[in-house]
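Chemist: Whatever this is, show me its structure:
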Amino acid sequence: VRSDGRHPTEARPLRLTLSRSHGAAECVVRLGSGTRVTASVSCDLVPPPNRDRPNDGQIRFSVDLSPMACVAFGGGGPVYSAGGSSGGSGGAPPADEAQRLLSNRILRTLERTLLAGGAIDSEALCVQSGRWVWRLSVDVVCLDHGGNLIDASLLAAVAGLRHFRKPEVEISDAESGGGNPIVLNSDEREPSPLPLHHTPLSVTFVLFSDRDMPEGMGTVAALIDPTEREEMVADGMVTLSYNKHGELCGFDYPGGTELRPSQLMQCARLGEKRCGEWCGFLEASLKEADERASKERMGRLKAAANVGGASGVALPEVADGVPFVERTDPERDGDMMEIDGGDELVEIGSNQARAAAEAQAAEEEEQYRLRALDYTLGHVAAKVKEDGGKDRRTGGNVGRGAKSSSSLMSAMLKSVVASGPSEQSPRTSSYPEKMVVDSSVTKSEPQVPTSSTSNKTAKSSKFVTKDIPLDSDDEEDEVTMLQ
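Modeler: This next block holds a predicted model:
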């Protein structure tokens, strides 16, 4: 039984915290309650460091064992990978021998697993061949030393690289081979992830030998995910790196005690299983973090579109080490970001609303026209006027109780009376089309035609069409009558 009550093959609970901003990403790894490591990934544009390979970018690692992480750690700055100290601002290496050895071992594990193992494609960091490439800086800082800093540091670095997004770059006058690069903000154009070929993680075992037995005869006990106290009293240590496909990516065995091949194979099988579990946990955490970052970005873009193309949220500042960065001018833009197409979006919305209103008005007008032309609903007869606008008056009473009126019905009845009792009642169509009024209606007194005139009229009966103006504002009703 171990000092914290765990089984020899049981690891501590793992917790990841991921965050991302423009041109930077950060991951905090917690193992139990004692170990806490953070890794920050940033980028800047630099000329190609190697003239023989003009398309290769640069990746720099640094490891800092802060004095606040452990009382045994002294002062001193972080240690950098080969050729990386010139681009950093660290101090002298740690003065303590054990601290320096631990820092170098963590740094060596990062370089061997990620660079020598081919996890990162350096050619994908090229912006302009022979002129500009990306330089990635992976800074690992130990905040709490509770044991197993190697596994926590590698996990934090890999998670930070997976969560990092590379900004887009535009080069002015790129056809002529010159021009200055302009780093676009992540809200202006969506950045792209780094091309990682695989995701390697490590598992560390501490070894305890049976000191009472002769050399080569005793057994060796291996404990996974050691604490700080277990590392201090351990006889040896072994670290194995695997990806989610079960491929061995790194092996580090500094010695200290002998280890039989059978025992090494047992550690390898257990390490492969543990790395697979941590890879699954990492993928789930990255998916959740990416969804959260995408929602935050869409929220900023919607807020910018709602104010007419200007963002009400201040953009994150770009590191000063990035050359030729297009920054926001406070006097010109008022610390606001302009979204391409913001005014067009507002104009499109106004045009759509205007088109919808016009379509609704046209539909209402069409319905009103159909109701006006539907004679089955019935219409109120309008007054009949002469061309000069004077009312036509009737010449006598038609029937009992009939009033002298200038309505259309009166005109029709007067036309029947004027045609004489010998004629048949005029026929009308099922619905009025034209209104026919004889000229006799306009006279003050009805005239009774003679028989010859009646017969002549009967022989030459025809439809006469005449438009009669109305004194109403309603639509003009037309009636067809047989004279």
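Chemist: what helix or strand is Phe251 on?
Modeler: strand 248-255 (DSSP states H and E).
Chemist: Not counting its own residues, what contacts that strand?
Modeler: 105, 108-109, 112-113, 117, 119, 198, 200, 202, 236-243, 259, 268 (CB atoms under 8 Å, 6 or more residues apart in numbering). Glycine gets a C-beta too; all of them are placed from N, C-alpha and C.
Chemist: in that strand, what's buried?
Modeler: Cys249, Gly250, Asp252 (16 or more other CB atoms under 10 Å).
Chemist: go on, stretch 290-302?
Modeler: Result for stretch 290-302 [16+ other CB under 10 Å]: buried residues Asp290, Ala293, Arg300, Leu301.
Chemist: Give me the phi and psi for the third one.
Modeler: Here is the backbone geometry of Arg300 (degrees, to the nearest 10): phi -70, psi -40.
Chemist: Wait, it touches Glu188, no?
Modeler: No: applying CB atoms under 8 Å as the test, Arg300 and Glu188 come out as separate, 10.8 Å apart.
Chemist: on that earlier part again, CSV please, covering the buried residues of strand 248-255 and showing pLDDT and distance to Leu136.
Modeler: Shown next, in CSV, are the buried residues of strand 248-255 (pLDDT from 0 to 100; distance: CB to CB, whole Å):
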residue, pLDDT, distance to Leu136
Cys249, 90, 19
Gly250, 90, 20
Asp252, 91, 23
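Chemist: Looking at those, which is nearest Gly146?
Modeler: Asp252 (20.5 Å; CB to CB).
Chemist: What's the separation between the closest one and Ser202?
Modeler: 8 Å (CB to CB, to the nearest Å).
Chemist: Next: Arg260.
Modeler: According to CB to CB, Arg260 and Ser202 sit 22 Å apart.
Chemist: same deal with Val233?
Modeler: 22 Å.
Chemist: Of the two, which one has the most company?
Modeler: Neighbour totals were compared for Val233 and Ser202, and Ser202 leads with 27 against 9 (other CB atoms under 10 Å).
Chemist: Report the inter-axis angle for the helix or strand the more buried one falls within versus strand 248-255.
Modeler: Counting by DSSP H and E, the element that carries Ser202 is strand 201-209. Following axes from the mean of the first three to the mean of the last three CA atoms, to 10 degrees, one obtains 30 degrees for the angle between strand 201-209 and strand 248-255.
Chemist: So in that sheet, which strands flank strand 201-209, and in what orientation?
Modeler: When pairs are called by DSSP bridges, strand 201-209 turns out to pair with strand 220-224 (antiparallel), strand 236-242 (antiparallel).
Chemist: Identify the contacts common to Asp252 and Ser202.
Modeler: What both Asp252 and Ser202 touch, as defined by CB under 8 Å, 6+ apart, is the set Thr109, Thr239, Leu240.
Chemist: picking up where we left off before, what is the nearest of the buried residues of stretch 290-302 to Arg135?
Modeler: Ala293 (23.1 Å).
Chemist: which one of the strands paired with strand 201-209 has the lowest average pLDDT?
Modeler: Lowest mean pLDDT within the strands paired with strand 201-209: strand 220-224, a mean of 90.
Chemist: show me what contacts the residue lying closest to Glu10 once chain neighbours are set aside?
Modeler: Residue nearest to Glu10 in three dimensions, not counting chain neighbours: Ile224, with 7.2 Å by CB to CB, 6 or more residues apart in numbering. For Ile224, the contact set (CB under 8 Å, 6+ apart) comprises Pro8, Thr9, Glu10, Ala11, Val203, Thr204, Phe205, Leu270, Gly271, Arg274.
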